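Asker: Fold the following and give me the result.
(one chain, ligands or ions: 1)
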Amino acid sequence: MPIPPAILTPDFSTPTESVYPSPLRQTLGQSVQYIRTSTPPPEPKGAHGSADVTAQQPNGVVLTPPPTTVIEASKRLAAWTAVDRHVLPQYKVIGIGSGSTVPYVVERIVAQGREMNKDRVFIPTSFQSKELIVNAHLLLGDVDQYPIIDITIDGADEVDETLNCIKGGGACHLREKVLAEAADTFIIVADYRKNSDVLGRNFKQGVPIEVAQFAYAKLLQNVHLLGSPNAVLRMAQGKAGPVVTDNGNFVIDAPFPEEMMKDPYTLLTRLKMLTGVVEVGLFCHMAKAAYFGNQDGSLTVKWHDGRIERIDAGSSPVPQPAE
Ligand SMILES: O=C(CO)[C@H](O)[C@H](O)COP(=O)(O)O
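Answerer: All right, here's what the predicted structure looks like:
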């Protein structure tokens, strides 16, 4: 096919610096009212949590709407405390997870100030977190530019007593796992509903398994045989057909019996051996700590070495580094 004449004209072939278009979105430091996200709005009823925190920035800019429910307040408490303790000034490459808790992480990072953030780069785990980063006017990078990350902070669907997690409720677990693995420090933030002893007790929908599209029917059969007879292909809402991930794959949700969930590492390795599986939403022994905001405004922090820390209501966020 002949090349259209417009492409051959000199103006189009060699743009110089002065002819590059300016970005359509504002750059770091310009004012913004809200971080826009695809996160659903907080549930309408329920009391405020006792988290005594506001989203007000020093310059008066409000970045996310204040939580209107205990659950939202708990998410924010966990996110803010984890950022205060773990996102240290010397950290320059920061992985941003996905889900409804992560906007509070970004909000708190923005509150560290323009000076602190101006030479940091932020790596997204999904379309959603890319939007969060761009809308907060932070510098966007990718894991292929920055395969070593100082810290990644992410949500979770459920966390057990030894910090194994189910992730992938938002179908982002492939990129989330890559960024968790690439990070020197991986921190989980969540509300109290995610704090569990055994995976699958609270999050009943099953282990999310991202699979190549053409292999899904065969994989469903295999996952049934492996011990999850009720495994299903995740269907989209607002679209006919299955959920398609940011990577163009399908997701199978596979609930397994508690006996199998008590040993998530064995289950993970068995699932990963199935041909056509791209990634499994079981994160085993990856997190350094998990922060849970509680209903009463306190926090529970589970550490990788088995320690469980309690932070009383009203004493957090406290900017005391834990490492
Ligand atoms: O794994 C995820 C997305 O794939 C999320 O981190 C997980 O679903 C938790 O989300 P939320 O913060 O909304 O509870």
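
Asker: Could you pick out the residues of the stretch 151-300 of the chain near the ligand for me?
Answerer: 154-157, 167-173, 176 (CB under 6 Å from any ligand atom). Just so you know, the C-beta spots here come from the backbone N, C-alpha and C atoms, and that holds for glycine as well.

Asker: If we only consider these, which is nearest to residue 234?
Answerer: Nearest to residue 234 among these: residue 171, at 7.0 Å, using CB to CB.

Asker: just to revisit the earlier point, generate a PyMOL selection restricted to the buried subset of the residues of the stretch 151-300 of the chain next to the ligand.
Answerer: A single PyMOL command suffices to select whichever of those are buried according to 16 or more other CB atoms under 10 Å:
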select buried, resi 154+155+156+157+167+168+169+170+171+172+173+176
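
Asker: Narrow the residues of the stretch 151-300 of the chain next to the ligand to those in helices?
Answerer: Among these, the members falling in helices (DSSP state H) are 173, 176.

Asker: Can you show me the helices along the stretch 201-323 of the chain?
Answerer: Along the stretch 201-323 of the chain, counting by DSSP state H, counting those that start in this stretch, helices occupy 216-225, 258-261, 264-272.

Asker: Kindly reformat those as JSON lines and extend each row with mean neighbour count.
Answerer: Converted to JSON lines, the helices of the stretch 201-323 of the chain look like this (neighbours: other CB atoms under 10 Å):
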{"stretch": "helix 216-225", "mean neighbour count": "17"}
{"stretch": "helix 258-261", "mean neighbour count": "15"}
{"stretch": "helix 264-272", "mean neighbour count": "17"}
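
Asker: List phi and psi for residue 98.
Answerer: phi -130, psi 160 (degrees, to the nearest 10).

Asker: can you pull the contacts of it?
Answerer: Residues near residue 98 by CB atoms under 8 Å, 6 or more residues apart in numbering: 125-126, 128-129, 154-155, 170, 172, 175-176.

Asker: Helix or strand for residue 103, just tell me which one.
Answerer: Assigned by DSSP states H and E, residue 103 belongs to helix 102-111.

Asker: other SSEs contacting that helix?
Answerer: Where contact means 3 or more CB pairs under 8 Å, 6 or more residues apart in numbering; DSSP states H and E, helix 102-111 is packed against helix 70-86, strand 93-96, helix 127-135, strand 149-154, strand 183-191.

Asker: Contacts only, for the closest residue to residue 207 other than its chain neighbours.
Answerer: Among residues not flanking residue 207 along the chain, residue 254 sits closest, at 4.9 Å (CB to CB, 6 or more residues apart in numbering). Each residue near residue 254 by CB under 8 Å, 6+ apart is listed here: 206-207, 209, 223, 228, 230-231, 271.

Asker: Can I have the buried ones of those residues as a ChimeraX selection?
Answerer: Buried subset of the contacts of residue 254, written as a ChimeraX selection, criterion 16+ other CB under 10 Å:
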select :206,207,209,223,228,231,271
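
Asker: Can you pick out the ones from the contacts of residue 254 that are in strands?
Answerer: Among these, the members found in strands (DSSP state E) are 207, 209.

Asker: farthest pair in the contacts of residue 254?
Answerer: Farthest pair in those, by CB to CB: 230 and 271, 15.3 Å.

Asker: Per-residue pLDDT of the residue nearest to residue 207, please?
Answerer: The model reports residue 254 with a pLDDT of 98.

Asker: What are the boundaries of the strands in the stretch 201-323 of the chain?
Answerer: Ranges of strands in the stretch 201-323 of the chain, per DSSP state E, counting those that start in this stretch, are 207-211, 232-233, 250-254, 277-280, 282-283, 289-293, 299-303, 308-311.

Asker: and the stretch 1-150 of the chain, which residues reach the ligand?
Answerer: 97-101.

Asker: mind putting those residues in a markdown table, pLDDT included?
Answerer: Output for those, formatted as a markdown table (pLDDT from 0 to 100):
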| residue | pLDDT |
| --- | --- |
| 97 | 98 |
| 98 | 98 |
| 99 | 98 |
| 100 | 97 |
| 101 | 98 |
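
Asker: and of these, the nearest to residue 278?
Answerer: Nearest to residue 278 among those, counting by CB to CB, is residue 98 at 16.3 Å.

Asker: Check the spacing between the closest one and residue 125 real quick.
Answerer: Counting by CB to CB, to the nearest Å, the separation of residue 98 from residue 125 is 5 Å.
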